[in-house]
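Visitor: from the sequence below, what's the structure:
(one chain, ligands or ions: 3)
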Amino acid sequence: MDLVLKNCKLVDKNGEHFIKIEDGQITDISKNPLEASQTIDIKSNYVLPGFIDPHIHFRDPGLTQKEDFKTGSEAAANGGFTTVIDMPNTLPKTNTYNALKEKIKIAKGKSVVNFELQAGTNCLEEMERMMELRPISFKIFMDLESDESLEKIFHDLSLLKEKTAYNGLVATHCEKKSIVERETARLKEKSKNAAIDYTYARPAVAEDESVRQAIELARANDLRLHICHLSSRKSLSMAKSASKSMPISWEFTPHHLLLDNSSYNVYETFIKTNPPLREKQDSVRISDLDETSIIGTDHAPHTLEDKTKGTWASSPGIPNLETVVPLLLTEVNRGNIDLKIIPKILSQNAAKVYGLENKGEIAIGKDADLTVIDLKQEGKFNIEEFKTKAEYSPFDGWEYQGLPVMTIVNGKIVMDKI
Ligand SMILES: NC(=O)N[C@@H](CC(=O)O)C(=O)O
Ligand SMILES: [Zn+2]
Ligand SMILES: [Zn+2]
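Guide: Ligands and ions are numbered 1, 2, ... in the order given. As a prediction, this is how the structure comes out:
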């Protein structure tokens, strides 16, 4: 199967280009016409390396009333993503050989985009067995572990690195369990709780202390740390200063970049998420983005029922796959971020961290994973048009300028709105 895309604008080259795709790979890029059995007119839109979301929850198996690998991956394709990295907090947890094997089978059968799977941590023997199935890395929910068990998990990962092909990359959810438990108990004593209390139950200091601990443990055990959904400015400055002396990376969610805890007054428990939205002065923001940043959406869908059980019992998590690209392109159009960083923060940088060697770049020999964006198209988000099973979004009804209009996965068109 061969295919030529014509009238393609590229972010780093002047003029319009032809891109040739054969058997799922990019085989030529030229200003001169290229031939193939099929030609598609990109109509002078920008073609970018296919977007990679390093942090999604597709809930399959076990929680498929919230999302499954079919609807989740269709949402990814609709949002302009060609590769997703799924988290291990499904039912059962993806922390055994059998569970990982089963999830690979499910994802292979249902996914319309490329996928990689995070493994949950377990005893050393089980993690060794899991390595045969090549999970992309190991994920630690530090908010659910005591200090003693964290010491052990990081140490076991260092042993795993010595014994197997494991590259030492560990992804962490950073919030300190003891602080979250203490503050939650304190707030629950109030006679009536508002949705915003969730912010104070999981304060920025809980994240900062956990980031400090993750940096120390990763350093001591010679591991590469990747911090998920980094939301506190202080945590960001700690991570930046650690990056001068150790391998470390982090990702930002769209909700932490664009919203703050005043949104609880509008969206109440629908905006509940971990880490919570922060007070404005404590929160990461759009101006923190630069060419080294990584966007991880933390697409975390739940049912409406699960989202409306009050301040404490409602499930935390926000679906993001179908809103994040228009939100960021709107920031480009407003002059708040440079278009040149978009392929880096949505593709190339995550490809580098996770070792996806054939992805993240438009170049001969790379996988034909491509996202076409129309920078000028304007519209309003309408949750009814989304593919995700989640029926809520804080961004529903927001206006945007800039839309992904085609998603190509391994040379195959999986979304077309050109
Ligand atoms: N972010 C969330 O609030 N929720 C995530 C879990 C997580 O990423 O911590 C979920 O699985 O729903
Ligand atoms: Zn998390
Ligand atoms: Zn998550």
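
Visitor: going forward, measure contacts between C-alpha atoms and count neighbours the same way
Guide: Will do.

Visitor: the protein against ligand 1: which residues are in contact?
Guide: Residues of the chain lying near ligand 1 by Cα under 6 Å from any ligand atom: H57, T273, N274, D298, A300, P316, G317.

Visitor: the fourth one contacts H57, doesn't it?
Guide: Yes. In this structure D298 lies within contact range of H57 using Cα atoms under 8 Å: 7.0 Å.

Visitor: neighbour-wise, which of those two wins?
Guide: Neighbour tally, D298 and H57, criterion other Cα atoms under 10 Å: the higher count belongs to D298, 28 against 25.

Visitor: contacts for the helix or strand T83 falls within?
Guide: T83 is part of strand 81-86 when elements are defined by DSSP states H and E. Under the criterion Cα atoms under 8 Å, 6 or more residues apart in numbering, residues 50-58, 76, 113-118, 321, 369-371, 407-409 lie in contact with strand 81-86.

Visitor: among those residues, which are in strands?
Guide: 51-56, 114-118, 370-371, 407-409 (DSSP state E).

Visitor: would you agree T64 falls within a helix?
Guide: No. Per DSSP: H, G, I helix; E, B strand; the rest coil, T64 lies outside any helix segment and is coil.

Visitor: find the nearest non-adjacent residue to it, please.
Guide: Once flanking residues are discounted, T64 sits nearest to F58: 7.9 Å by Cα to Cα, 6 or more residues apart in numbering.

Visitor: try L304
Guide: Of all residues not flanking L304 in the chain, E391 sits nearest, at 6.7 Å (Cα to Cα, 6+ apart).

Visitor: got a pLDDT number for the one you found?
Guide: We have a pLDDT of 98 for E391.

Visitor: three-state assignment of it?
Guide: E391 ends up coil, using three-state DSSP.

Visitor: got a list of what it touches?
Guide: Contacts of E391 (Cα under 8 Å, 6+ apart): T303, L304, I383, E384.

Visitor: distance check, the second one against I318.
Guide: By that I understand L304. L304 sits 11 Å away from I318, going by Cα to Cα, to the nearest Å.

Visitor: who has more neighbours out of these two?
Guide: Neighbour comparison, L304 and I318: the larger count goes to I318, with 23 against 16 (by other Cα under 10 Å).

Visitor: give me the number of residues near the residue lying closest to the more buried one once chain neighbours are set aside?
Guide: For I318, ignoring the flanking residues on the chain, the nearest one in space by Cα to Cα, 6+ apart is A300 at 5.0 Å. A300 has 22 neighbouring residues, counting by other Cα under 10 Å.

Visitor: repeat that for the one 10 residues further on.
Guide: For G310, the count of nearby residues is 15 (other Cα under 10 Å).

Visitor: which residues does it contact?
Guide: A195, T269.

Visitor: distance of it relative to E181?
Guide: G310 is 18 Å from E181, where distance means Cα to Cα.

Visitor: what secondary structure does P33 sit in?
Guide: Put simply, P33 is coil when judged by three-state DSSP.

Visitor: check the gap between it and ligand 1 for me.
Guide: 46 Å (Cα to the nearest ligand atom, to the nearest Å).

Visitor: skipping its backbone neighbours, what lies nearest that residue in space?
Guide: Counting by Cα to Cα, 6+ apart, P33 lies nearest to F18, which is 6.3 Å off, once chain neighbours are set aside.

Visitor: same question, N95
Guide: G120 (4.2 Å).

Visitor: ok, now which ones touch that neighbour?
Guide: P88, N89, K93, T94, N95, T96, F138, K139, I140.

Visitor: mind doing that once more with 7 Å?
Guide: P88, K93, T94, N95, F138, K139, I140 (Cα atoms under 7 Å, 6 or more residues apart in numbering).

Visitor: repeat that for N114.
Guide: N114 neighbours (Cα under 7 Å, 6+ apart): T82, T83, V84.

Visitor: swap in L144?
Guide: By Cα under 7 Å, 6+ apart, the contact list for L144 reads K177.

Visitor: I'd like the distance between it and E268.
Guide: Here the criterion is Cα to Cα. By it, L144 lies 24 Å from E268.

Visitor: go on, T164?
Guide: Distance, T164 to E268, using Cα to Cα: 46 Å.

Visitor: who's more crowded, these two?
Guide: Neighbour totals were compared for T164 and E268, and E268 leads with 19 against 14 (other Cα under 10 Å).

Visitor: quick one, strands of the stretch 251-400 of the chain?
Guide: Listed in chain order, the strands of the stretch 251-400 of the chain (DSSP state E, counting those that start in this stretch) span 370-380, 399-409.

Visitor: could you identify which of these is most buried?
Guide: Using mean count of other Cα atoms under 10 Å, the stretch among the strands of the stretch 251-400 of the chain with the largest mean neighbour count is strand 399-409, at a mean of 23.
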